[in-house]
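1. Turn this into a model:
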Amino acid sequence: MRLIAFGDSLVAGAGDPDHLGWVGRAVAGRRAITLYNMGVRRETSADIATRWRAEALPRMADDEPMRIVFSFGANDCHPVGGAPRLGQAESLKNAQAMLSAAAVLCPVLLVGPPPMADPGVSARLEGLNENLKMLASRLKVPFIDVFQPLMADGLWRAEAIAWDGAHPGAGGYQRMADLVSAHPAWRSFTLAGEDSST
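-> Got it, this is the predicted structure:
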């Protein structure tokens with residue numbers, strides 16, 4: 001199975017000394033899955049919406065199961081000049097466009113954004129997370145909420161504060177990977193990968 005992950009630096013795994021991030025850790029040990037990590041630092045949902053299709057199509061194959069996972073929001077909510085880079089309405093519009101178009105190509109899954117060390121950004125992310133959850137439900141796209149568990153756990157935020165204020169280390173990414181990989185939606189989403197030997 002081929003799994004394509006689109007998102008920002010948190011998908012890319014910035015700050016992880018092992019360079020796996022949560023996506024690499026969530027599929028660790030599953031040799032039948034070919035992972036394409038397409039996370040790009042500083043990108044908003046608008047940036048991802050512009051590029052995802054052109055980057056997905058060359059990585060897709062007719063003879064293998066395909067999956068696309070999206071995760072974004074931190075840069076949308078990050079302030080520039082006192083205001084978030086993107087308003088929630090624009091973030092949701094971008095999300096709907098990406099999820100709807102990608103679902104035509106193959107099964108799609110959305111992982112909500114993790115919390116940030118900055119309380120103001122985290123508050124905006126919490127609201128966006130809830131709206132993304134409702135949007136995914138309307139579109140019948142599986143959604144994995146990691147915001148509240150990571151906020152309650154505290155390790156993600158502590159590691160982010162210890163480094164650059166935004167990105168955790170190996171421990172935080174492992175906690176997020178554990179949340180994602182244990183979720184029934186992820187297990188069913190990636191199950192086809194266990195049936196492929198190519």
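
2. In the protein, what residue spans correspond to helices?
-> Ranges of helices in the chain, per DSSP state H, are 9-12, 21-26, 45-56, 74-77, 88-105, 119-139, 147-153, 155-162, 170-182, 184-190.

3. Burial-wise, tell me which of these comes out on top.
-> helix 74-77 (a mean of 27; mean count of other CB atoms under 10 Å). Using the backbone N, CA and C atoms, a C-beta is placed for each residue, glycine as well.

4. ok so, going back, dump the helices of the chain into TSV; add mean pLDDT and distance to residue 37 as well.
-> Converted to TSV, those look like this (pLDDT from 0 to 100; distance: least, CB to CB, whole Å):
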stretch	mean pLDDT	distance to residue 37
helix 9-12	98	6
helix 21-26	98	6
helix 45-56	98	11
helix 74-77	98	16
helix 88-105	98	16
helix 119-139	97	20
helix 147-153	95	20
helix 155-162	95	19
helix 170-182	98	12
helix 184-190	96	15
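
5. Quick one: these as a markdown table, columns for distance to residue 63 too.
-> A markdown table is the format used below for those (distance: least, CB to CB, whole Å):
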| stretch | distance to residue 63 |
| --- | --- |
| helix 9-12 | 26 |
| helix 21-26 | 24 |
| helix 45-56 | 17 |
| helix 74-77 | 36 |
| helix 88-105 | 15 |
| helix 119-139 | 28 |
| helix 147-153 | 37 |
| helix 155-162 | 38 |
| helix 170-182 | 26 |
| helix 184-190 | 18 |
